[in-house]
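My questions concern the predicted model and sequence given below.
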Amino acid sequence: MSEKPLHFMPTEGFRERSKAVVENEFLQKSFRAAMDFLMTKRAAQFPDADELESLRRLGERIRQNSLDKLPALLTQLETNLTRNGIHVHWAENADQANAIILDICKKHGAKRMVKGKSMVSEEIEFNHAAEAAGVEAIETDMGEYILQLAGEKPSHIIMPAIHKTKQQIAKLFAEQIPGVAYTEDVDALIQIGRTVLRQKFLEADIGLSGVNFAVAETGTLCLVENEGNGRLSTTAPRVHVAITGIEKVVEKLEHVPPLFSLLTRSATGQAVTTYFNMISKPRQPGEKDGPEEVHLVLLDNGRTQPYADEELRKTLQCIRCGACMNHCPVYTHIGGHAYGTTYPGPIGEIISPHLMGLEATATLPSASSLCGACGEVCPVKIPIPDLLVRLRSEINSKPGSGSPLQGQGAGYSRLMTAVWRGWAAIYANPAFYRLYSWLVSRFNWLTPAGQGGWTSVRTPLRPAPKRLRDLLAERE
Amino acid sequence: MRRTDSPHPGVASRPDGGSARDRILARLKAAQAGGRYPTPAAGEWYGPRDRNESPAERARRFQANMEAARAEVYRVNDGNWVEKLREILAAKGLTNLLLAPATPHGRLARQGLTGGAVACLAYDRPIEAWKPALFNDVQASLTAARGAIAETGSLILWPDADEPRLMSLVPPVHIVLVDAGTIHATFFDALQAENWAAGLPTNALLISSPSKTADIQQTLAYGAHGPKELVVLLKEVA
């Protein structure tokens, strides 16, 4: 996991990566413990089931309203941000977004960047682009900083370094940070990070951040965080660039409190985070700090694809709390890296196919038992299991069936389709089914002992010698 | 497995189709059904949950929530808060304090601290003129809060020219003076009652604890990047 640069690489190797994690007893225990911890904390924040349900319903309506009016809200947001003195840029893909940000760096001669936590900046692999352009981009969220030192990607969208132990981090700090002795004391490790990064905040000439909610009504960018690195990244340098997906807009300022409450309680089981940071303007005349220039980059990168379909559009309701991965039995067993995508877990399985195409993500919607936990905990009621089933059929249906999804039919197999057609024909017709079930029960001795993946860890499936209907007939 | 280099058809390959902005908006408009959902009114959810609590109950709830998040809260009044401030600074062994002499509370604090062991510093010039000193030398700051929120135990700050944004962020100890009469039940109540939508400042903030992180093995550690200690002077209604 330590070779750099490390790019996201979904489908290929998914099985191998999953297998490696599942066979690692230590990781199994630590993921289980971490997810149990997060699930317990979330549950404690929602003691009243009716309150939770009505708040989720409100959250869902707010997000649906945002998407319903998305083009109008984006132009309203742009108008109000521009009026407030914030520059707005639009990017259709990762390359355009990277070029916009690096162009801003170039204009200001900025070589030292501090970054607040931004999954969108991971999505566009900004750090690679920055390195190539000679800009030092330092991650300042403690988890992200640890991963940058280790040359790894986040394995969780809220707790990026959830796969690492304090012993690994202690070793990493002692090896990578000059003058640091090995310590497993978490407080001491955090203070080491604080000291190193304070110097970076002091020296940085540009800051990059994500956005949790962008308010169209007032032209305001909202950031949710605990550490203070988000506030520092957006305040200390002369220039601040924020980047966000086009779906993050909300219509009204009054829509922010319920979403903020759902977000923090669902994500980490906190009633509130340490900081809620609302940015509406660059530094005004007479003000003594804050960036002189603020930019917002609005990124499409495939989001308009699910937008075009009424069912798939619900994918864009997401507020990135990560509760679906915390509650997912598959995520808990394979961890975030196995998926090979920026966004792992259930939300990753339904958003990545639009960001990367179905060819590259064909196995992901199948990485679910459809147990329904993700849909049940989603604070904005995204029907994740339904969307997984929909994507499975898009992947496995015959190419060129008129679906607008990029890579539709990527998993199509003529044999598989024929087998299922035959199965459906037998099970839909009583006479066929009677004949078929008689044959398989009487000839059950023909069942092969080796049945592929099934018998690798289980006893073979063998039809019973008598059918239920035969047994019932004997009793009469 | 097939792979294509550009997963998004017509994205980068059509430089003639207008700007990125126009193309994104055109795609959204082509797909939009629109107008199916009325704008949700958050008040319909918060309204029935109004607790109808007394100011004293609200102040208690605010204090309990802040203390649960490891903020230190002291009940003070107009007559004794400067004395309390002096005690806190002495107890923590602090020798300097960043304050805003142009504000009434900043003036009072400076008067009360004159001649003592604590040097009063002022954020009286743009950050560019003294950034290293702010980052390396200032031990504590005193700012006022505009208001507070009982439900989550949060302070509301609108930094301004007198008390700039970094003042409540960079010094390791942040001391906040808040009037108990300005505590709202919820965040929603605060922005409705004060009509924030009519005009937000450059930066508006909620602060609910000292800076913290649980990024290493879900172990909570304080003093990540912002203040390690948050001290609240809760000024009672006279």
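Everything's here; your move.

Sketch out the low-pLDDT regions of the stretch 201-350 of chain A for me.
Counting by pLDDT under 70, not a single residue of the stretch 201-350 of chain A qualifies.

Going along the chain, name the strands of it.
A:206-209, A:213-215, A:220-225, A:239-245, A:249-250, A:275-279, A:293-299 (DSSP state E, counting those that start in this stretch).

for chain B, same thing?
B:72-76, B:96-99, B:119-122, B:140-144, B:147-149, B:154-157, B:173-179, B:183-184, B:203-207, B:212-213, B:221-222, B:229-235 (DSSP state E).

Which one, of those strands, ends up nearest to B:Arg61?
Nearest to B:Arg61, of all the strands of chain B, is strand B:183-184, at 8.5 Å by Cβ to Cβ. C-beta coordinates here come from the backbone N, C-alpha and C atoms, glycine included.

I'd like the distance from stretch A:229-246 to the chain centre, please.
Here stretch A:229-246 is found 21 Å from its chain centre; the criterion is Cα atoms, centre = their mean, to the nearest Å.

Just the closest residue of the stretch 151-300 of chain A to chain B, please.
A:Gly228 (2.7 Å; Cβ to the nearest Cβ).

What's the local residue count around that residue?
Neighbours of A:Gly228 under the rule other Cβ atoms under 10 Å in any protein chain shown: 29.

if we can go back for a sec, of all the strands of the stretch 201-350 of chain A, which one comes closest to A:Glu136?
Taking Cβ to Cβ, strand A:206-209 is the member of the strands of the stretch 201-350 of chain A nearest to A:Glu136, at 10.3 Å.

What are the contacting residues of that closest one?
Here strand A:206-209 makes contact (Cβ atoms under 8 Å, 6 or more residues apart in numbering or on different chains) with A:101, A:104-105, A:108, A:110, A:112-118, A:121, A:126, A:137, A:223, A:230, A:232-243, A:291.

so who does the closest residue to the residue of the stretch 151-300 of chain A closest to chain B other than its chain neighbours touch?
Spatial nearest neighbour of A:Gly228, excluding adjacent residues (Cβ to Cβ, 6 or more residues apart in numbering or on different chains): B:Gly226 at 2.7 Å. When contacts are counted by Cβ under 8 Å, 6+ apart, B:Gly226 touches A:227-228, A:231-232, A:274-275, B:169-170, B:174, B:210-211.

on that earlier part again, buried only: go through the contacts of strand A:206-209 for me.
Buried members of the contacts of strand A:206-209, counted by 16 or more other Cβ atoms under 10 Å in any protein chain shown: A:101, A:104-105, A:110, A:113-118, A:121, A:126, A:137, A:223, A:230, A:232-243, A:291.

And for the nearest residue to B:Leu205 once chain neighbours are set aside, the neighbour number?
Spatial nearest neighbour of B:Leu205, excluding adjacent residues (Cβ to Cβ, 6+ apart): B:Leu157 at 4.4 Å. B:Leu157 is flanked by 26 other residues according to other Cβ under 10 Å.

cool, A:Pro399 as well?
A:Pro399 has 11 neighbouring residues, counting by other Cβ under 10 Å.

Kindly report the same for B:Pro38.
Counted with other Cβ under 10 Å, residues neighbouring B:Pro38 total 9.

Equivalent analysis for A:Leu58, please.
As a burial measure, A:Leu58 scores 22 neighbours (other Cβ under 10 Å).

Contacts for the helix of greatest length in chain B, please.
With DSSP state H setting the assignment, residue counts place helix B:55-68 as the longest helix in chain B. The contact list for helix B:55-68 (Cβ under 8 Å, 6+ apart) reads A:271, B:53, B:73, B:75, B:148-153, B:180-181, B:183, B:185, B:208-209, B:232, B:234, B:236-237.

Buried members of these into ChimeraX, please.
Buried residues among these (16+ other Cβ under 10 Å), as a ChimeraX selection:
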select /A:271 /B:73,148,149,150,151,152,153,180,183,185,208,209,232,234
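
what sits against the residue of the stretch 151-300 of chain A closest to chain B?
Shown in contact with A:Gly228 (Cβ under 8 Å, 6+ apart): A:274-275, B:169, B:211, B:224-227.

Quick check: which of the strands of chain B is buried the most?
For those, the largest average neighbour count (mean count of other Cβ atoms under 10 Å in any protein chain shown) is found in strand B:154-157, namely a mean of 27.

Spell out which strands sit alongside that one in the sheet and which way each one runs.
In the sheet, strand B:154-157 lines up against strand B:147-149 (antiparallel), strand B:203-207 (antiparallel) (DSSP bridges).
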